[in-house]
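Enquirer: I'd like to go over a predicted model; first the sequence, then the structure.
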Amino acid sequence: MVNGAAFAETRGAGSFRKSIATGMGPAAPCLQPRFAMSLHAQLSPEARAALERQQRSSKAASLVIAILCTTLLALVMGFVLMPAFEKATPWPQAQYVYPETDEPIDEPRVKVSSTKPASPSAASANLLHVEASGPVAIPVPDNPVDSEAPFGTGDGFGTGFDDGMDDGAGPGGWTRLEPDFRKRCSKEDRIAQLQQGGGTAEIDERVIRALRFLKSTQAADGGWGTSNREAMTGLAVLAYLGHCETALSEEFGDSCLRGITFLTDKGMKGNGRLVENAADKHWPYQQAIATYALAESESIHHALGIDIPGLRGTVQKAGQLIIDSQHKSGGWDYGYDESSSRGGDLSITGWHVQALKACKLTKIDFRNLEGCARKALDYVEARQGSDGGFGYTGTAPVGNAGYCTLTGVGMLSLQMWDKGSRASVRKGAKYALAKMPFEWDSADCDLYGHYYLAQAMFQRGGTDWEKYQPMFRDALMDHQNADGSWPVPGGGNKPAAAGALYAENNANGLHYRTALATLMLEVYYRYLPTGK
C-alpha cells in the first residue's frame, strides 16, 4: 500500500489535495478511511476522565480567583469610604422641630442631665441638651464630659495673662482646666482668693445675688437688654464665666448656655459679624464685647470637654473680623472706618484689646493676631500723657471729669499682654490713685472707667491695690439692691465719664451697670494677679 507522503511525492501536491477533496484517484480507497478516522476520533475512557478532572480544576480555580478579587475590591472600597463614614456618624444629636416662621425663639429650654458615655470614660458624664422652639442656626452640644476630670496645674493667665490653656490632656482625653479658671470654680478657693485680696466671703454672696438678678431678666431668646443686645448679652455671659458658671452649672447652666447660643447664632448667621444693625456706627463696641465673651466661653468649655457646636468657628470668624478691621493707627474706630482721620479712640480700642487676648487663649489660628496686638499696644501707649493719665483720642481727658477717666483702660490693656512692668503702667497707677476717686452718690461714679481700673489695680497688687480697693468695694457693697441689681449712681449728678449709658434710668441701664458692678466684684478671683 502506498502512503500519503509517497503518493504526494510521486503525483505532486496538487494532485494529492485533489484526491483528498474528491476521494478519487488510485489511492483513494485506501486513504479515505484513514482521514475519516482522524477527523472523528473518539476519546478513550481514561482520556475523557482526565479531561473532566482538568475542567473541574479550572472551574474551581476560576471561582477562587473571583472570590479573592471581590474580597480585595471590598477592602479597597472600605478603606476609601471609612473616613467619610466616620464623619457621617457623630454622637447622637438632639432632634429639633422648628416652626416655619422667622419669629424669635419663644421658649428656648436648656437642661443638664447625667448619663454614662460609652467613651472615653466609664465614669458618669454630663450631657447637654437643648430644646428650641425657634429658628436658631446652631445645633445642641451633646458631647460626653468626664465630670470627675481634675483641674490642671499650669500657670494659666498667671504671668501677664499670657500662657493660656495647657495642652496636657486629663482623664478621658480632655484638656485640663487651668488655675486661673480653677480659682473661680471652687467656693473655698474663691473665699481664699477674696480674703487674700482684702475682701470678705460676703462679696461672693453679693456676686451670686447679682447673677440671680441677671438670670431673672434674661429674654426668651437667650439675650439681654433692650438695645445694644449683643454687647449686653456678652457682659452677662462674662459675668457668669467670671464666677465659673458654665453650661454645666446647676443653677446658672441653662441661662449661660442660652446666652452663648444667642451670640453664636448671631455670628453664624452674620459670618462672624455679631450684630444685626451694622448701620449703627457704634457696632464695633458690640462686636468686641461679644467676641470677648464667646472666646472666653470657648476656652473654658473646651477645657471642660464641652464642644458647643458652632462656637469655635464663630470665634474664629469674629476675631478675624476684628483683626482685619484695625485702623492703620493701631486703634479701632466707629463703624470700623479704616480710613478715618480720627483714627479711633481708646474706649473702643480697650474692648478690642481684651477680645484679642481672649481669642489668643483659644489656641485658634488667626491671621496676624500678634502683629495686630503689637500695633494696638503702641496705640494705647501713645494715648498716655506726661502726667501718667491715658486720654481718649489723644492724651487729653474726655467728658466733664477734668481728669483722664480711661487711665484704667490703658493700664489693663498693657497688663493683659504681659506689659505690666512697664513704666507707663506704674505712672498710670500713680495718676489714678491721685485723681480718680469713686463715690457712688457723686459725679465721680464712673462704673465704666473703674471696671477697667479695678482689674488693673488688682493686677498691680501691693500698696496700690490696698489703697484703691476699699473705694470701689465699699461703694458697691453699700448700694446693691436687695434683688441683686444696682440703682442709678450719681446722686442726681451727671457722671464724670467718657460715656454713661450705665446711669440711664431704664432697663438697659439697669442691666449694664449691674453687669459692670458684678465683674468688678469678681476681680478677686476672675484672673490670677500678674504682679507689678
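Expert: Structure's in. What do you need? Numbers count the residues shown, from 1 in each chain.
Enquirer: and stretch 433-445, which residues are buried?
Expert: Burial within stretch 433-445, assessed by neighbour count using 16 or more other C-beta atoms under 10 Å, is assigned to 433, 435-438, 440, 443-445. The way it works is simple: take the backbone N, C-alpha and C, and place the C-beta from them, glycine included.
Enquirer: Likewise for stretch 278-286?
Expert: Residues of stretch 278-286 classed as buried under the neighbour-count rule (16+ other C-beta under 10 Å) are 283-286.
Enquirer: got it, and stretch 349-364?
Expert: In stretch 349-364, counting by 16+ other C-beta under 10 Å, buried: 349-362, 364.
Enquirer: Repeat that for stretch 206-226.
Expert: 206-211, 213-215, 217-219, 221-225.
Enquirer: State the mean pLDDT of that stretch.
Expert: For stretch 206-226, mean pLDDT is 98.
Enquirer: again, but for stretch 355-364
Expert: Here the average pLDDT along stretch 355-364 is 96.
Enquirer: of the buried residues of stretch 433-445, closest to I322?
Expert: Using C-beta to C-beta, M436 comes nearest to I322 of the buried residues of stretch 433-445, at 28.2 Å.
Enquirer: give the contact list for that closest one.
Expert: M436 sits next to 403, 405, 407-408, 444, 449-450, 453 when contact means C-beta atoms under 8 Å, 6 or more residues apart in numbering.
Enquirer: do S424 as well
Expert: Here S424 is in contact with 381, 384, 388, 410, 414 (criterion: C-beta under 8 Å, 6+ apart).
Enquirer: Which secondary structure element is home to it?
Expert: Element membership of S424, judged by DSSP states H and E, is helix 423-435.
Enquirer: by contact count, what packs against the next helix or strand after that helix?
Expert: Later in the chain than helix 423-435, the nearest helix or strand by DSSP H and E is helix 447-460. When contacts are defined as 3 or more C-beta pairs under 8 Å, 6 or more residues apart in numbering; DSSP states H and E, helix 447-460 packs onto helix 407-416, helix 423-435, helix 462-479, helix 507-521, helix 523-526.
Enquirer: ok, 10 Å please
Expert: Contact analysis of helix 447-460 by 3 or more C-beta pairs under 10 Å, 6 or more residues apart in numbering; DSSP states H and E lists helix 346-361, helix 407-416, helix 423-435, helix 462-479, helix 507-521, helix 523-526 as its packing neighbours.
Enquirer: Skipping adjacent residues, who's closest to T233 in space?
Expert: G223 (4.5 Å; C-beta to C-beta, 6 or more residues apart in numbering).
Enquirer: Just the pLDDT at T89, thanks.
Expert: At T89, the predicted lDDT confidence score is 35.
Enquirer: Among the contacts of S424, name the buried ones.
Expert: Buried among the contacts of S424 (16+ other C-beta under 10 Å): 381, 384, 388, 410, 414.
Enquirer: Which two of the residues you listed have the greatest separation?
Expert: The distance between the two most remote of the buried ones among the contacts of S424 (C-beta to C-beta) is 12.7 Å, for G388 and L414.
Enquirer: hey, what's in contact with both of the two?
Expert: 424-425, 428 (C-beta atoms under 10 Å, 6 or more residues apart in numbering).
Enquirer: circling back to that earlier point, return the residues in contact with the residue nearest to T233.
Expert: 104-105, 229-230, 232-234, 236, 258-259, 261-263, 265-266.
Enquirer: again, 6 Å this time
Expert: Shown in contact with G223 (C-beta atoms under 6 Å, 6 or more residues apart in numbering): 229, 233, 262.
Enquirer: if we can go back for a sec, for the shared contacts of G388 and L414, please prepare CSV with the additional fields distance to A373 and pLDDT.
Expert: Shown next, in CSV, are the shared contacts of G388 and L414 (distance: C-beta to C-beta, whole Å; pLDDT from 0 to 100):
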residue, distance to A373, pLDDT
S424, 16, 98
V425, 16, 98
G428, 19, 98
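Enquirer: Dihedrals phi and psi, A498?
Expert: When read as degrees, to the nearest 10, the backbone of A498 gives phi -70, psi -30.
Enquirer: Sorry, wrong one. I was asking about F390.
Expert: phi -100, psi 130.
Enquirer: List the contacts of the residue nearest to it when sequence neighbours are not counted.
Expert: Leaving aside its sequence neighbours, F390 sits nearest to G410 (C-beta to C-beta, 6+ apart; 3.3 Å). Counting by C-beta under 6 Å, 6+ apart, G410 makes contact with 380, 384, 390, 428.
Enquirer: quick one on the thing from earlier: looking at the buried residues of stretch 433-445, which is nearest G330?
Expert: For those, the nearest to G330 is M436 (24.7 Å; C-beta to C-beta).
Enquirer: shaky segments in the stretch 51-200 of the chain?
Expert: 51-52, 54-61, 64, 76-183 (pLDDT under 70).
Enquirer: just checking, I300 is part of a helix?
Expert: Yes. I300 forms part of a helix when assessed by DSSP: H, G, I helix; E, B strand; the rest coil.
Enquirer: quick one, domains of this structure?
Expert: The chain breaks down by automatic domain parsing into domains covering 4-32, 56-89, 186-216+383-532.
Enquirer: How confident is the prediction for the residue nearest to F390, by pLDDT?
Expert: G410 is given a pLDDT of 98.
Enquirer: what's the spacing between it and R422?
Expert: G410 sits 11 Å away from R422, taking C-beta to C-beta, to the nearest Å as the criterion.
Enquirer: Same check on A373?
Expert: For A373, the distance to R422 equals 15 Å [C-beta to C-beta].
Enquirer: Looking at those two, which one has more neighbours?
Expert: Under the criterion of other C-beta atoms under 10 Å, the comparison of A373 against R422 puts A373 first, with 22 against 15.
Enquirer: Using the three-state scheme, assign R342.
Expert: Per three-state DSSP, R342 ends up coil.
Enquirer: Can you report how many residues neighbour it?
Expert: The burial count assigned to R342 is 12, neighbours taken as other C-beta under 10 Å.
Enquirer: before we move on, the earlier item: specify which member of the buried residues of stretch 349-364 is nearest to G305.
Expert: T362 (15.1 Å).
Enquirer: Return the distance of the closest one relative to Y292.
Expert: Relative to Y292, T362 is positioned 11 Å away (C-beta to C-beta).
Enquirer: just D280 next, same as before
Expert: Applying C-beta to C-beta, the value for D280 to Y292 is 19 Å.
Enquirer: Surely Q218 is within a helix?
Expert: No. Q218 sits outside any helix when classified using three-state DSSP, being coil.
Enquirer: How about L194: what's its closest non-neighbour residue?
Expert: Distance criterion C-beta to C-beta, 6+ apart; nearest residue to L194, sequence neighbours excluded, is Y524 at 4.7 Å.
Enquirer: quick one: that neighbour and Q195 touch, right?
Expert: No. Using C-beta atoms under 6 Å, Y524 makes no contact with Q195, being 8.8 Å away.
Enquirer: Looking at the two, which is more packed in?
Expert: Y524 (28 against 13).
Enquirer: The more buried one and G449, how far apart?
Expert: Separation of Y524 from G449 (C-beta to C-beta) stands at 19 Å.
Enquirer: Also N481?
Expert: 22 Å.
Enquirer: ok, now Q193?
Expert: Separation of Q193 from G449 (C-beta to C-beta): 24 Å.
Enquirer: Between the two, which has more neighbouring residues?
Expert: Shown here are Q193 and G449; by other C-beta under 10 Å, G449 has more neighbours (28 against 20).
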